[in-house]
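A.B. asks: Give me a model of this one.
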Amino acid sequence: MGDARKVGVAIDFSICSRAALQWAIDNVVRKGDHLILVNIRPDAHYEETEMQLWQVTGSPLIPLTEFRDAHVMKKYGTKPDPETLEIVELAATQKEVHVLLKIFWGDAREKLCEAVDNIPLDCLVIGNRGLGKLKRAILGSVSNYVVNHSSCPVTVVKHAHT
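C.D. replies: Residues are numbered from 1 along each chain as shown. Prediction:
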């Protein structure tokens, strides 16, 4: 990937992660950068040999051309939503960025921090679900954990409705 910056965005195809993606494109990403979408799938016991291999290291970096293909995404156990695809396709053409997807399986907090080091990312943008104090205390906050444990700068983007 040479000298191009690697800007990561945590994406779970929710409205909050799409807001973070759009914010990253509008405010951080510039021509020639690599926009790497990091998707964390719940930990599961996959019977398919390929997924067993990827469970530890994460998937290979998936280019946008394959990311658009529903058949390819099915083998990774994920289905990108049309809104997210539209956002990244627009960024790829208008901002001339290289869009890649990397999928990990396991706990979102730990895997996002691992992604920062393993890819490696220059920065990470993550959405905030806007949990209340009680829910955050019970469930824990992924964004709070990543901000405190990541080895790169992390920006947390709050969705307008949170």
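
A.B. asks: Can you name the secondary structure element that comes next after the helix or strand bottoming out on mean pLDDT in the chain?
C.D. replies: In the chain, no helix or strand scores lower on mean pLDDT, DSSP states H and E than helix 133-139, which sits at a mean of 50. Sequence order places helix 142-149 as the next helix or strand after helix 133-139, per DSSP states H and E.

A.B. asks: Outside of stretch 15-32 itself, list whatever touches it.
C.D. replies: Identification of contacts with stretch 15-32 by CB atoms under 8 Å, 6 or more residues apart in numbering yields 4-5, 7, 9-11, 35, 37, 81, 83-84, 87-88, 91, 95-98, 123, 125-130, 155, 157-162. C-betas here are computed from N, CA, C, even on glycine.

A.B. asks: Narrow the residues you listed to those in helices?
C.D. replies: Glu83, Thr84, Ile87, Val88, Ala91 (DSSP state H).

A.B. asks: Filter those down to the buried ones.
C.D. replies: Thr84, Ile87, Val88, Ala91 (16 or more other CB atoms under 10 Å).

A.B. asks: Who are the contact partners of Arg68?
C.D. replies: Pro80, Leu85, Glu89.

A.B. asks: Pull up the gap between the residue nearest to the last one when sequence neighbours are not counted and Ile87, please.
C.D. replies: Distance criterion CB to CB, 6 or more residues apart in numbering; nearest residue to Glu89, sequence neighbours excluded, is Leu64 at 7.1 Å. Separation of Leu64 from Ile87 (CB to CB, to the nearest Å) stands at 11 Å.

A.B. asks: and what of Glu96?
C.D. replies: Glu96 is 15 Å from Ile87, by CB to CB.

A.B. asks: pLDDT weak spots in the protein?
C.D. replies: For the chain, the stretches flagged by pLDDT under 70 are 1-2, 44-55, 130-140, 160-162.

A.B. asks: Strands along that one, start to end?
C.D. replies: Taking DSSP state E as the criterion, the chain contains strands spanning 6-10, 34-41, 62-63, 98-105, 123-128, 154-158.

A.B. asks: got these as JSON lines, with mean neighbour count columns?
C.D. replies: Converted to JSON lines, these look like this (neighbours: other CB atoms under 10 Å):
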{"stretch": "strand 6-10", "mean neighbour count": "25"}
{"stretch": "strand 34-41", "mean neighbour count": "24"}
{"stretch": "strand 62-63", "mean neighbour count": "18"}
{"stretch": "strand 98-105", "mean neighbour count": "22"}
{"stretch": "strand 123-128", "mean neighbour count": "24"}
{"stretch": "strand 154-158", "mean neighbour count": "18"}
